[in-house]
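> no FASTA, just this:
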Ligand code: HEM
């Protein structure tokens, strides 16, 4: 009986301590729903249902620009605060959550600032606009092949699944530019093992990101999605190692005649290059970050344009002003084409969810509140791009809003992130978006949304995971 009393008192004291710490916790005074002070489970529920960003946006609408989303993290939608968090000096490092992507340590996942600086310095040149010039013929060749394959599918099926073909395009492009060897999905019309593995990984990514610590134990716990992640990752790593080694040997043997890649000049290790293991892990980052992002953007762009005859006519009329055998230089600066791209990146940001960062030593003041060192602060493009004061009629697709963008619009626009961790592939992405859109509407000026196979507009309401995607993973267009 005596022992029971001691246990009861100890439990009561522990519980009171927990309540006290929670109510006096460092983020307890930040506005937010009461439960977010106690548990992360509600947020996780929405993340797993593909509604994380819209849930956080609903909290901003209710509680203001800084909102507590879990006991240890906040999200900020204030534009000045977002630019402070994503600054060029890397003062708010990425949180270790990025390691749950299971792609090793690379430019995208690393939290180590000196490592990031060195890799970014070495990898930026080939992905700059100038560095990419030499790659344009390869990229354009693959885009023209994509259009040809779309035409064939249109003839045999009566509609084209543009999501499928844009994904084959962007994956073949990044494969070619990374390994010097395409995945040949445009040619075969099928996904290979590498892409299957990537897709399986993406399917379990919600679970891994919602419960990052669980994925570390995946080898010991028999949880279906998580266990496969280990197998998929091993196969992806092996593929990258073999492909890079093959290309490295080719470059050694015949440097003049081997296909140039984004890594060609980095094969030598040491200060001026990256080791084989480092290159392998960067290859993973490129393939993962450089495929679905661009293909989903192209898909939402074509679908949005096809839904509006006025927008489509304006775009097609502009494309008729360039020579029939146009090159990238002919279309690069077409005003309306670029407005359509900006509006797609705003409304259908490929990476709409929170980008978590750690508050540096000394803490910080954001949007009128103090955040202590070590807490997690996120910003999400989904909210920044829907600020009604900056983007009136924010839920509507209006390319014309980019005709004379205000400073507020430019500051709030963060589809590629910002500061020192801004997307390194943004020039490559823009190149594919411009050429892909121009070639598509030049070839199919009367394209419209198809109703074949029960395709509906509701299907295109995006699932909002870390990346955006249509509900049924397809988008049928009558391309003619
Ligand atoms: C429309 C297409 C794309 C979108 C919307 C997009 C979006 C983003 C965003 C939002 C980030 C920042 C993530 C963060 O701060 O947590 C990022 C980083 C990154 N992206 Fe992209 N991306 C696109 C295309 C590409 C392509 C084609 C590549 C291929 C090279 C790529 C490679 C990367 C890498 C390596 C990083 C990490 C950069 C660093 O931390 O220094 N992305 N991207």
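Everything's here; your move. Just so you know, these numbers come straight off a predicted model, no measurement behind them.
> quick one: pLDDT of the residue nearest to residue 469 when sequence neighbours are not counted?
The shortest distance from residue 469 to any residue that is not its chain neighbour, by CB to CB, 6 or more residues apart in numbering, is 5.3 Å, and that residue is residue 463. Glycine gets a C-beta too; all of them are placed from N, C-alpha and C. Turning to residue 463, the model gives it a pLDDT of 94.
> count the neighbours of residue 463 for me.
Residues near residue 463, counting by other CB atoms under 10 Å, number 15.
> please report how far it lies from the ligand.
Taken as CB to the nearest ligand atom, to the nearest Å, the spacing of residue 463 relative to the ligand amounts to 16 Å.
> for residue 110, same thing?
To the ligand, residue 110 is 7 Å away according to CB to the nearest ligand atom.
> run a quick check on the residue nearest to residue 469 versus residue 471, I expect a contact.
Yes: contact between residue 463 and residue 471 holds when scored by CB atoms under 8 Å: they sit 5.9 Å apart.
> what strand or helix carries residue 125?
Secondary structure assignment for residue 125, by DSSP states H and E: helix 113-127.
> pull the residues that contact that helix.
Here helix 113-127 makes contact (CB atoms under 8 Å, 6 or more residues apart in numbering) with 90, 93, 105-107, 110, 131-132, 262-266, 272-274, 278, 282, 420-421, 424-425, 427-428.
> show the buried residues in those residues.
90, 93, 105-107, 110, 131-132, 262-264, 266, 274, 278, 282, 420-421, 424-425, 428 (16 or more other CB atoms under 10 Å).
> buried stuff in the helix holding residue 125?
Buried residues in helix 113-127 (16+ other CB under 10 Å): 116, 119-120, 122-123, 126-127.
> among these, which ones lie close to the ligand?
Among the buried residues of helix 113-127, the ones lying near the ligand by CB under 6 Å from any ligand atom are 120, 127.
> residue contacts, the closest residue to the ligand within the chain?
Using CB to the nearest ligand atom, the point where the chain gets nearest to the ligand is residue 425, with a distance of 2.1 Å. For residue 425, the contacting residues are 127, 286, 289-290, 293, by CB under 8 Å, 6+ apart.
> make a markdown table out of the residues you listed and add secondary structure and pLDDT.
Putting these into a markdown table (DSSP: H, G, I helix; E, B strand; the rest coil; pLDDT from 0 to 100) gives the following:
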| residue | secondary structure | pLDDT |
| --- | --- | --- |
| 127 | helix | 97 |
| 286 | helix | 93 |
| 289 | helix | 91 |
| 290 | helix | 92 |
| 293 | helix | 95 |
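> residue 31: which of these is nearest?
Closest approach to residue 31 among the contacts of residue 425 (CB to CB): residue 293, at 32.2 Å.
> contact residues of the protein facing the ligand?
Within the chain, the residues that sit near the ligand (CB under 6 Å from any ligand atom) are 107-108, 120, 127, 174, 285-286, 289-290, 293-294, 297, 350-351, 355, 415-417, 421, 423-425, 428-429.
> among those, which lie within helices?
Assigned to helices by DSSP state H, the following of those qualify: 120, 127, 174, 285-286, 289-290, 293-294, 297, 428-429.
> what two of these are the furthest from one another?
Checking these against each other with CB to CB, the farthest-apart pair comes out as 120 and 297, at 23.0 Å.
> for residue 47, what are phi and psi?
The phi/psi pair for residue 47 (degrees, to the nearest 10) reads phi -60, psi -50.
> repeat for residue 380
With angles defined as degrees, to the nearest 10, residue 380 shows backbone torsions of phi -130, psi 130.
> repeat for residue 448
For residue 448, the backbone dihedrals are phi -150, psi 160 (criterion: degrees, to the nearest 10).
> who does it form a beta bridge with?
Partner residues in beta bridges with residue 448: residue 478, with DSSP bridges as the criterion.
> would you map the strands across the stretch 251-400 of the chain?
357-358, 364-366, 369-371, 376-378 (DSSP state E, counting those that start in this stretch).
> show me what the first one is packed up against.
Read it as strand 357-358. Packing partners of strand 357-358 (3 or more CB pairs under 8 Å, 6 or more residues apart in numbering; DSSP states H and E): strand 376-378.
> pull up the pairing partners for the strand it packs on, direction included.
When sheet partners are counted by DSSP bridges, strand 376-378 sits next to strand 73-76 (parallel), strand 357-358 (antiparallel).
> now it: mean pLDDT?
Throughout strand 376-378, pLDDT has a mean value of 97.
> how far off centre is it?
18 Å (CA atoms, centre = their mean, to the nearest Å).
> which residues are contacting it?
Identification of contacts with strand 376-378 by CB under 8 Å, 6+ apart yields 69, 72-76, 85, 92, 95, 97, 354-359, 364, 366, 371.
> derive a ChimeraX selection command for the buried subset of the residues you listed.
In ChimeraX, the members of those classed as buried (16+ other CB under 10 Å) are selected with the following command:
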select :69,73,74,75,76,85,92,95,97,354,355,356,357,358,359,364,366,371
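> closest to residue 61 among the ones in helices among the residues of the chain next to the ligand?
Of all those, the one with the least separation from residue 61 (CB to CB) is residue 297, at 25.7 Å.
> pretty sure the closest one contacts residue 347?
No: Residue 297 is not in contact with residue 347 according to CB under 8 Å; the separation is 10.6 Å.
> out of these two, which sits in the busier spot?
Just comparing residue 297 and residue 347: by other CB under 10 Å the higher neighbour count belongs to residue 297, 27 against 22.
> name the next helix or strand downstream of the helix or strand encompassing residue 45, please.
Element membership for residue 45 (DSSP H and E) is helix 41-48. Next along the chain after helix 41-48, taking DSSP H and E as the criterion, comes helix 52-63.
> angle of that next one against helix 41-48?
Interaxial angle, helix 52-63 versus helix 41-48 (axes from the mean of the first three to the mean of the last three CA atoms, to 10 degrees): 140 degrees.
> and the helices in the stretch 251-400 of the chain, which stretches?
276-290, 292-307, 309-319, 328-331, 335-347, 381-384 (DSSP state H, counting those that start in this stretch).
> contacts only, for residue 339.
By CB under 8 Å, 6+ apart, the neighbours of residue 339 are 399-403.
> try residue 399
Contacts here follow CB under 8 Å, 6+ apart; on that basis residue 399 touches 311, 336, 339-340, 342-343.
> now do the same for it: its pLDDT.
Among the per-residue scores, residue 399 shows a pLDDT of 98.
> for residue 343, see how far away it is.
Separation of residue 399 from residue 343 (CB to CB, to the nearest Å) stands at 4 Å.
> now the common contact residues for these two.
If you check residue 399 and residue 343 against CB under 8 Å, 6+ apart, no residue is contacted by both.
> find the residue closest to residue 394 in space, skipping its chain neighbours.
Of all residues not flanking residue 394 in the chain, residue 386 sits nearest, at 4.4 Å (CB to CB, 6+ apart).
> before we move on, what about residue 442?
Counting by CB to CB, 6+ apart, residue 319 is the residue found nearest to residue 442 once chain neighbours are left out, at 5.0 Å.
> and that neighbour, what is it in contact with?
Contact analysis of residue 319 by CB under 8 Å, 6+ apart lists 331, 334, 337, 438, 441-442, 445.
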